[in-house]
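>>> with the input below, show me the fold.
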Amino acid sequence: MDQEMPQVDSENGSAKEVISEYDWNEMFKKGKFKKEDMNTLVMDFLVNKLHTNVAETFHTESGCPLGIEDISFIETQKTVKELIYKRQFDEVISLLNQKLGLSFLESNPQVRYLLDQQKMIELYRSGDIYTNVALDFSHEFKMWADFMVNDDDFDKDCFETLLLILSGDDKEVLVDDLLHPWRISWVVVSTLKAMIKFRGREQDHLIGKALKMLKAVEDELNEDVEFPNFYIGSGYPEPLPHPDGPFKNFFQTVDDDYKDC
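So this is what the prediction gives:
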């Protein structure tokens, strides 16, 4: 670019270069990306989003490796996800034991706890908490209170669940989080992540890693240059100014991209 960049005073009084959105996009046009790298990003996205058929088709047409030895594992993840959203927790446990073996839940007791806890919450929410089946299960759930007794966070969570069952949400009990609709998604996310880790696969998807690297580079550049930061909402640079940065809330609330497992 031939024209001289305008200057602004930064907080410490030193000159700060300003790059317009037009100039920023022009610089990006000069960048080159390998087709193989882009294919790998696309495949990684499809596998992590559980798009089995699309991933297999993309593999056939592009020759890009699937990045996973057992494609049926993705179908198992998808079924587990669907069953949890359908509140069929006994079926989830049965499927996990069948596909991953008993050692999975034995080595991941927090997953079994989350499934049991959500089952209790859904029984309460549906008004079926006082049926014979629910009462029998509530006795089983109470045994969690004696499990992992040295984990303060776990004890508090279990105690609040028992208070919900015994007292209901009309008492002075802090149970809002337990009844919040987002909890079922948290159960899905936690279960799928544990499954991935159990199978020895990388949990962080490539796009999530790339965004975090981009954020780190942007933070460093923002100290010396005013330029359009990347906006996660649209995929395009955001207009200046950007005092808080587009990732302010995104990286505080989403863990490695947990956005949609």
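>>> please report phi then psi for the residue lying closest to residue 19 once chain neighbours are set aside.
Distances taken as CB to CB, 6 or more residues apart in numbering place residue 227 nearest to residue 19, at 4.2 Å, with adjacent residues excluded. All C-beta spots, glycine's among them, are computed from the backbone N, C-alpha and C. Dihedral pair for residue 227: phi -150, psi 160, per degrees, to the nearest 10.
>>> give the burial count for residue 227, as a bare number.
19 (other CB atoms under 10 Å).
>>> thought residue 16 was touching it, still the case?
No: with contact defined as CB atoms under 8 Å, residue 227 does not reach residue 16; the gap is 10.2 Å.
>>> give me the common contacts of these two.
Common contact partners of residue 227 and residue 16 (CB atoms under 8 Å, 6 or more residues apart in numbering): none.
>>> quick one: distance of stretch 63-78 to the chain centre.
Centroid displacement of stretch 63-78 relative to its chain, using CA atoms, centre = their mean, to the nearest Å, is 19 Å.
>>> what do you get for stretch 68-83?
On CA atoms, centre = their mean, the centre of stretch 68-83 falls 16 Å from the chain's centre.
>>> show me which residues of it are buried.
68, 73, 74, 76, 77, 78, 80, 81, 83 (16 or more other CB atoms under 10 Å).
>>> how much space separates the second one from residue 79?
Spelled out, it's residue 73. 11 Å (CB to CB, to the nearest Å).
>>> of the buried residues of stretch 68-83, closest to residue 195?
Residue 195 lies nearest to residue 77 out of the buried residues of stretch 68-83, by CB to CB, at 6.1 Å.
>>> check which helix or strand that closest one maps to.
helix 72-85 (DSSP states H and E).
>>> please apply the same query to residue 70.
Using DSSP H and E, residue 70 falls within no helix or strand.
>>> can you tell me what sits against the helix holding residue 77?
47, 50, 52, 55, 68, 89, 91-92, 95-96, 99-100, 115, 118, 184, 187-188, 191-192, 195-196, 199, 261.
>>> same deal with stretch 184-194?
Against stretch 184-194 from outside (CB under 8 Å, 6+ apart): 77, 80-81, 84-85, 87, 92, 104, 108, 110-111, 114-115, 118, 203, 258, 261.
>>> now do the buried residues in it.
Result for stretch 184-194 [16+ other CB under 10 Å]: buried residues 185, 187, 188, 189, 190, 191, 192, 193, 194.
>>> now, which of those lie within helices?
185, 187, 188, 189, 190, 191, 192, 193, 194 (DSSP state H).
>>> strands of the stretch 1-150 of the chain, start to end?
Assigned by DSSP state E, counting those that start in this stretch, the strands in the stretch 1-150 of the chain fall at 7-9, 15-18.
>>> where among those strands is average confidence lowest?
For the strands of the stretch 1-150 of the chain, the weakest mean pLDDT is recorded on strand 7-9, namely a mean of 48.
>>> show me where pLDDT drops low in the stretch 101-250 of the chain?
129-130, 148-152, 166-176, 201-204, 232-250 (pLDDT under 70).
>>> which residues in it form helices?
Remark: helices assigned in the stretch 101-250 of the chain by DSSP state H, counting those that start in this stretch are 102-107, 109-126, 132-142, 152-167, 176-179, 183-198, 206-221, 250-253.
>>> nearest to residue 231, out of these?
Closest to residue 231 of those, according to CB to CB: helix 250-253, at 10.0 Å.
>>> how near is the nearest residue in space to residue 50 that is not next to it in sequence to residue 210?
The shortest distance from residue 50 to any non-neighbouring residue, by CB to CB, 6+ apart, is to residue 78 (4.5 Å). Applying CB to CB, the value for residue 78 to residue 210 is 25 Å.
>>> and what of residue 189?
The gap separating residue 189 from residue 210 is 20 Å, by CB to CB.
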